[in-house]
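Enquirer: Just need the structure, nothing else, for what follows:
(one chain, ligands or ions: 1)
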Amino acid sequence: MTSSMTFQPVLERIAEDIGRMPDRGRPAGYIPALAACDPARFGMAVAEPDGTVYGVGEWRTPFSAQSVTKVFTLALDLAREGDALWEHVGREPSGNPFNSLVQLEYEGGIPRNPFINAGALVVTDRLHTRTGDAAAELLTFLRTESGNPGLAFDLDVAASEDAHGDRNAALAHFMASYGNIASPVPVLLDQYFRQCSVAASCADLALATGFLARHGVRADGSRLLSRSQAKQVNAVMLTCGTYDAAGDFAYRVGLPGKSGVGGGIIAVVPGRCTLCVWGPGLDERGNSVSGVAALDRFTTLTGLSVF
Ligand code: GLN
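Expert: Have a look, this model is predicted:
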């Protein structure tokens, strides 16, 4: 594919293929506010480093970003504290579900990576300690990078998660018992649930991910991460961004990617473009069925992958 080629025809073709998929999974049942979403819905956007965006389907419809936000809080914290972060959270795949507790005890309260819930709670806690309001920091970043000042938290989704948040509360309390959480746990959970509740479209999230295709440089040309840090975030996305399915995602898609239980997945072709796809039906590991299929088709049709 040449650099002058428009992505639009590829996106149209992918949407047709997805439209023929017989089974597109089930929406996240454990967050009641998401459970009613129709798995047939679909949108996809590609953003180029200069901010040009292509899209298909419901690419401008806001959906619940959920764990996709973990990439942005990681980048925002890494930009502030650098490598000291890695003393508090690892960067190895967990091989376990995103909300699992089992590794935490025998690994001394240090979560495997920043993209499982335990690791994201640590990152949000550290960002919160540094900024006084991690969720607001995230929202400001997303608004600026997407150019959409209307981005907002969905407080109904946050409240719904809070009401069913025993497992995340357990993770946070358990890590606090090891001294790996600084904030009071209720404060941290409020921050984390609001962070996850951000409603944004494929276009918004593809644009906001642009700094990872620009090797750490923000939309306005200022630098958020060093080139090396941007490489690190992309690497952790590749190895850990889709939980215990990260191996299969790398095999099928061949790009750094991060999924969320709202059905969104962001992905990065370093130096070339960023993608965001949305399909609310999930597989048993919590990744969007149509989203993974669409990214698989994208890298197959274009040859754009990191391999
Ligand atoms: N807010 C969700 C949770 O904490 C995020 C999980 C996800 O998107 N995988 O369970």
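Enquirer: Could you count how many residues lie near Glu105?
Expert: 11 (other C-beta atoms under 10 Å). Where C-beta positions appear, they are placed from N, C-alpha and C, glycine not excepted.
Enquirer: I'd like to know which elements the helix or strand hosting it is packed against.
Expert: Element membership of Glu105, judged by DSSP states H and E, is helix 102-106. With contacts taken as 3 or more C-beta pairs under 8 Å, 6 or more residues apart in numbering; DSSP states H and E, helix 102-106 sits against helix 166-177.
Enquirer: Is the ligand within reach of stretch 231-239?
Expert: No: judged by C-beta under 6 Å from any ligand atom, stretch 231-239 stays clear of the ligand, getting no closer than 13.7 Å.
Enquirer: Contacts only, for the residue in the stretch 101-250 of the chain positioned nearest to the ligand.
Expert: Residue nearest to the ligand within the stretch 101-250 of the chain: Cys196 (3.6 Å; C-beta to the nearest ligand atom). The neighbours of Cys196, taking C-beta atoms under 8 Å, 6 or more residues apart in numbering as the test, are 64-67, 69, 157-158, 161, 260.
Enquirer: Give the rounded mean pLDDT of stretch 168-177.
Expert: Stretch 168-177 carries an average pLDDT of 97.
Enquirer: Buried ones in it, by neighbour count?
Expert: 168, 171-172, 174-176 (16 or more other C-beta atoms under 10 Å).
Enquirer: among the residues you listed, which are in reach of the ligand?
Expert: With the criterion set as C-beta under 6 Å from any ligand atom, the members of the buried residues of stretch 168-177 near the ligand are Asn168.
Enquirer: Could you single out the nearest of the buried residues of stretch 168-177 to Leu85?
Expert: Met175 (14.4 Å; C-beta to C-beta).
Enquirer: Now do the contacts for Ile14.
Expert: Contact analysis of Ile14 by C-beta under 8 Å, 6+ apart lists 44, 56, 294, 297-298, 301.
Enquirer: How about Gly279?
Expert: Gly279 touches 18, 24-25, 39, 41-43, 263, 288-291, 294, counting by C-beta under 8 Å, 6+ apart.
Enquirer: In contact with the residue nearest the centre of the chain, which residues?
Expert: Most central in the chain under C-alpha atoms, centre = their mean is Val68, positioned 1.7 Å from the mean C-alpha point. Residues in contact with Val68 (C-beta under 8 Å, 6+ apart) are 205, 258-260, 262, 264-266, 276.
Enquirer: Including secondary structure, could those go into CSV?
Expert: Formatted as CSV, the contacts of Val68 follow (DSSP: H, G, I helix; E, B strand; the rest coil):
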residue, secondary structure
Leu205, helix
Lys258, strand
Ser259, strand
Gly260, coil
Gly262, coil
Gly264, strand
Ile265, strand
Ile266, strand
Cys276, strand
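Enquirer: overlap between those and the residues near the ligand?
Expert: Answer for the contacts of Val68 near the ligand (C-beta under 6 Å from any ligand atom): Gly260.
Enquirer: Of the contacts of Val68, just say which sits nearest to Ala75.
Expert: Lys258 (11.1 Å).
Enquirer: what number of residues lie near the closest one?
Expert: Neighbours around Lys258, by other C-beta under 10 Å: 29.
Enquirer: just the one 10 residues further on next, same as before
Expert: Val268 has 27 neighbours, counted by other C-beta under 10 Å.
Enquirer: Give me the secondary structure label for it.
Expert: Per three-state DSSP, Val268 ends up strand.
Enquirer: what about the protein, any weak spots by pLDDT?
Expert: Filtered on pLDDT under 70, the chain yields the residue ranges 1-5.
Enquirer: Contacts for stretch 288-300, please.
Expert: 10, 13-14, 17-18, 21, 23-25, 39, 42, 44, 46, 242, 249, 252-255, 257, 259, 263-265, 267, 275, 277-283, 304-305.
Enquirer: right, I mislabeled it, should have said stretch 27-36
Expert: Counting by C-beta under 8 Å, 6+ apart, residues outside stretch 27-36 touching it are 37-39, 64, 66, 154, 156-157, 160-161, 163-164, 261-263, 280-282, 286.
Enquirer: which of the buried residues of stretch 168-177 sit farthest apart?
Expert: Asn168 and Ala176, at 12.5 Å, using C-beta to C-beta across these.
Enquirer: quick one on the thing from earlier: just the buried ones from the contacts of Ile14?
Expert: Members of the contacts of Ile14 classed as buried by 16+ other C-beta under 10 Å are 44, 56, 294, 297-298.
Enquirer: now, which of those residues sits nearest Val236?
Expert: The closest of those, once distances to Val236 are taken by C-beta to C-beta, is Phe298, at 21.3 Å.
Enquirer: Shouldn't the closest one be within a helix?
Expert: Yes: per three-state DSSP, Phe298 lies within a helix segment.
Enquirer: In strands only, show me the contacts of stretch 288-300.
Expert: 44, 46, 257, 259, 264-265, 267, 275, 277-278 (DSSP state E).
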